[in-house]
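K.L.:
Here's my sequence, what's the structure:
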Amino acid sequence: MTDARTLPLGELLEGTKILRTGGEPDILAVRLEPRQIAQGNVFFKLRSSRLRMSAAGAIRRGTGYVVLEAGDEEEATLPPDFPYAVVDDVNWAYARTCARLFEAHRQLTLIGVTGAKGKTTVCHLIDAALRASGIRTGLVSSLVFRLPDSERPTASWAPDTLTIHGFLAALREQGGTHAIIELASIGIAEDRLYGLQFDALAFTNHGAGDAHMAANRSLLTDPGFHKSSMTLCAFNGDDPAGRELARSSPGRVVTFGFGAADVTPERYASDRAGISMRLNGHDLRFPLIGRHNAENVLAAAAIIGGVLPSEGAAVHLQNVQPLPGRLERLPAPAGIDVYLDQPYMPANIEASLAAVREFAGSRRIVCVIGCAGGVDRALRPLRATAAVNAADFCILTIDDPRDEHPVSIVMNMLKGVRDVAPDRWKTILHRPTAIAAAIREASPDGIVVLMGRRANGAELRDDDRHLAMDVLHETRSPFAGYTSV
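P.N.:
The predicted model follows:
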């Protein structure tokens, strides 16, 4: 990514409410580079659930100037005469600074996608359609940072402001004209989008939690995020929250869904390899599984219809490739189907298994569900409940245990299956054995859904894929190390 431009120190916090300053800076300008903020010349101690570096730690790394928020106790412990500023809102000050240092966002068509589920898929659909139309795009999703001439795995599922603006600057340098950005509610709530004004926005659906809804509402109804009154705002008409937000939107509203909506399919069908639909007179086929992905296609079609002038622009959506870990169908012998899926919330687990149920008929659905160690303990029983209720048979196992004992993880999960008949589930601590057992349980003509997670919150782990392929092709003994509790 490209470097930011240099600003005189006096202009760095211009427009920010500065409460007080201290020390005499020994630098004449501040240069923020698109790397970790602690490696630059200035450190903003952000309010963030994921960035936890202290001002002291940043100073040890060579920071020459510190910006703190009012009430931060570290102000009293800064080295004598070290230069710093105290502002009323450090996240806002940081985002505003990044927007001033990078100005590429003003020269790009910005498309944002938010909501509880489906954001990643909608972003990839839009990107595929625009690229197929000859447009040089940039994509920021929870899977990838993609520029016209290169791509890399996403380092964070909700990138910080500096990363976003640095990416947009690199996109502009490579001749890009359109950026598609997946917008997590935490990024909206933490002011990471300051300075960005969107040409098009899509709302996929509403999940649990007032905080998520408040963040989405601010993005979709605040004119400050809209490039003009003609900003295209696409809402899920099947979702009550989508209908409510549509009524409050200051932009050009279009709705999508299976019910009464502006963009709706004339025909829809789902099978083991993907979905088919007729849209605006065109018969379309996608390598995506289930009705929830059909909704994602409709969301992308609503955006594409407003961004591309061609009446048949939605046809280009078919250029999307199967997304890794999103009900990804693995090559398997005739009769059995194996899908790799990485849902996080219980509602996502239910949606994925419901998608498989659409075409399963009388075939047996076997699900492997695991939880990671050290995180989200309260979600473990809920994830187990969602999986065991939606599948015909469920194997509870672990994911990466980290520093937690595997038995502790599974015992938490067992709280979610107490009222379920014991012949509908079992526990196998050793995940490779659990995967092998699931394939054996589903044979000869069933369906296996392997539910895991993403390594380090970003890069897709290949373990489940390789293990399943080994079992399917009988290249290894599948039942070594069986452990059941």
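K.L.:
now stretch 311-322, how far from the centre of its chain.
P.N.:
Stretch 311-322 has its C-alpha centroid displaced from the chain centroid by 21 Å (CA atoms, centre = their mean, to the nearest Å).
K.L.:
pull the CA atoms of it into PDB?
P.N.:
Output in PDB follows, covering the C-alpha atoms of stretch 311-322 (Å, rounded to 0.1, in the frame of the first residue of the first chain):
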ATOM      1  CA  GLU A 311     -30.200  -3.500 -18.200                       C
ATOM      2  CA  GLY A 312     -28.700  -7.000 -18.000                       C
ATOM      3  CA  ALA A 313     -25.900  -6.100 -15.600                       C
ATOM      4  CA  ALA A 314     -27.000  -8.800 -13.100                       C
ATOM      5  CA  VAL A 315     -25.900 -11.500 -15.500                       C
ATOM      6  CA  HIS A 316     -22.300 -10.600 -14.600                       C
ATOM      7  CA  LEU A 317     -23.000 -11.700 -11.000                       C
ATOM      8  CA  GLN A 318     -22.600 -15.300 -12.200                       C
ATOM      9  CA  ASN A 319     -18.800 -14.700 -12.500                       C
ATOM     10  CA  VAL A 320     -18.500 -15.100  -8.700                       C
ATOM     11  CA  GLN A 321     -16.400 -18.000  -7.600                       C
ATOM     12  CA  PRO A 322     -17.300 -20.300  -4.600                       C
END
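K.L.:
just so I have it, where are all the helices in the stretch 51-200 of the chain?
P.N.:
Assigned by DSSP state H, counting those that start in this stretch, the helices in the stretch 51-200 of the chain fall at 55-60, 90-101, 119-132, 161-173, 185-189.
K.L.:
In CSV: those helices, plus distance to residue 242.
P.N.:
Every C-beta, even on glycine, is put in place using the N, C-alpha and C of the backbone. CSV is the format used below for the helices of the stretch 51-200 of the chain (distance: least, CB to CB, whole Å):
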stretch, distance to residue 242
helix 55-60, 42
helix 90-101, 27
helix 119-132, 13
helix 161-173, 25
helix 185-189, 15
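K.L.:
Low-confidence ranges, the protein, go.
P.N.:
1-10, 24-40, 49-51, 208, 453-462, 474-485 (pLDDT under 70).
K.L.:
Okay, domains of it per the record?
P.N.:
7-100, 102-319, 328-472 (automatic domain parsing).
K.L.:
can you put these in TSV and add mean neighbour count?
P.N.:
Below are these laid out as TSV (neighbours: other CB atoms under 10 Å):
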stretch	mean neighbour count
domain 7-100	17
domain 102-319	20
domain 328-472	19
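K.L.:
ok so, going back, which one of the helices of the stretch 51-200 of the chain lies nearest to residue 274?
P.N.:
helix 119-132 (12.6 Å; CB to CB).
K.L.:
show me the biggest helix of this structure in terms of residues.
P.N.:
Counting by DSSP state H, the longest helix found in the chain is helix 291-307.
K.L.:
need the next SSE after that one, C-terminal direction.
P.N.:
strand 328-330 (DSSP states H and E).
K.L.:
Return the list of strands paired to that next one, each annotated with direction.
P.N.:
strand 337-341 (antiparallel) (DSSP bridges).
K.L.:
contacting residues for the residue lying closest to residue 58 once chain neighbours are set aside?
P.N.:
Computed as CB to CB, 6 or more residues apart in numbering, the closest residue to residue 58 that is not its neighbour in sequence is residue 43, at 3.8 Å. With contact taken as CB atoms under 8 Å, 6 or more residues apart in numbering, residue 43 is in contact with 37, 53, 55, 58, 59, 63, 65, 66, 67.
K.L.:
And the furthest pair within those residues?
P.N.:
For these, and using CB to CB, no pair is farther apart than 53 and 65, which are 14.8 Å apart.
K.L.:
Report the distance from stretch 330-343 to the chain centre.
P.N.:
For stretch 330-343, the distance to the chain centre is 23 Å (CA atoms, centre = their mean).
K.L.:
same check, this time on stretch 345-362
P.N.:
The answer for stretch 345-362 is 20 Å, by CA atoms, centre = their mean.
K.L.:
now stretch 77-84
P.N.:
38 Å.
K.L.:
Could you tell me the end-to-end distance of that stretch?
P.N.:
12 Å (CA to CA, to the nearest Å).
K.L.:
For it, which outside residues touch it?
P.N.:
21-26, 55-56, 59, 64-68, 75.
K.L.:
Quick test: name the residue nearest the centre of the protein.
P.N.:
Centroid-nearest residue in the chain, with CA atoms, centre = their mean: residue 142, separated by 3.9 Å.
K.L.:
I'd like to know how far that residue sits from residue 150.
P.N.:
18 Å (CB to CB, to the nearest Å).
K.L.:
next one: residue 288
P.N.:
For residue 288 relative to residue 150 (CB to CB), the value is 25 Å.
K.L.:
Just give the nearest non-adjacent residue to residue 107, would you?
P.N.:
For residue 107, the closest residue by CB to CB, 6+ apart turns out to be residue 172, at 5.9 Å.
K.L.:
Touching, the one you found and residue 106? I think so.
P.N.:
No - if you go by CB atoms under 8 Å, residue 172 and residue 106 don't touch, sitting 9.6 Å apart.
K.L.:
that older thread, quick one: contacts for the residue nearest to the centre of the chain?
P.N.:
119, 120, 154, 157, 182, 184, 458.
K.L.:
Tell me which of these fall in strands.
P.N.:
residue 182 (DSSP state E).
K.L.:
How many neighbouring residues does residue 322 have?
P.N.:
16 (other CB atoms under 10 Å).
K.L.:
Distance check, it against residue 328.
P.N.:
Distance, residue 322 to residue 328, using CB to CB: 6 Å.
K.L.:
same deal with residue 15?
P.N.:
Counting by CB to CB, the gap from residue 15 to residue 328 is 46 Å.
K.L.:
before we move on, what about residue 269?
P.N.:
For residue 269, the distance to residue 328 - CB to CB - is 20 Å.
K.L.:
next one: residue 107
P.N.:
In this view, residue 107 and residue 328 are 36 Å apart by CB to CB.
K.L.:
Same check on residue 186?
P.N.:
26 Å.
K.L.:
can you check residue 155 too?
P.N.:
From residue 155 to residue 328 the distance is 22 Å (CB to CB).
K.L.:
picking that back up, of the contacts of residue 142, which is the nearest to residue 197?
P.N.:
Looking across these and measuring by CB to CB, the closest to residue 197 is residue 182, at 17.3 Å.
K.L.:
For the closest one, give me its contacts.
P.N.:
112, 113, 119, 120, 123, 140, 141, 142.
K.L.:
Same check on residue 396?
P.N.:
With CB under 8 Å, 6+ apart, residue 396 has these contacts: 369, 370, 384, 410, 413, 414, 417, 425, 426, 427, 428.
K.L.:
ok, then the element right after whatever helix or strand residue 277 lives in?
P.N.:
Assessed by DSSP H and E, residue 277 sits inside strand 274-279. Going down the chain from strand 274-279, the next helix or strand is strand 282-286, by DSSP H and E.
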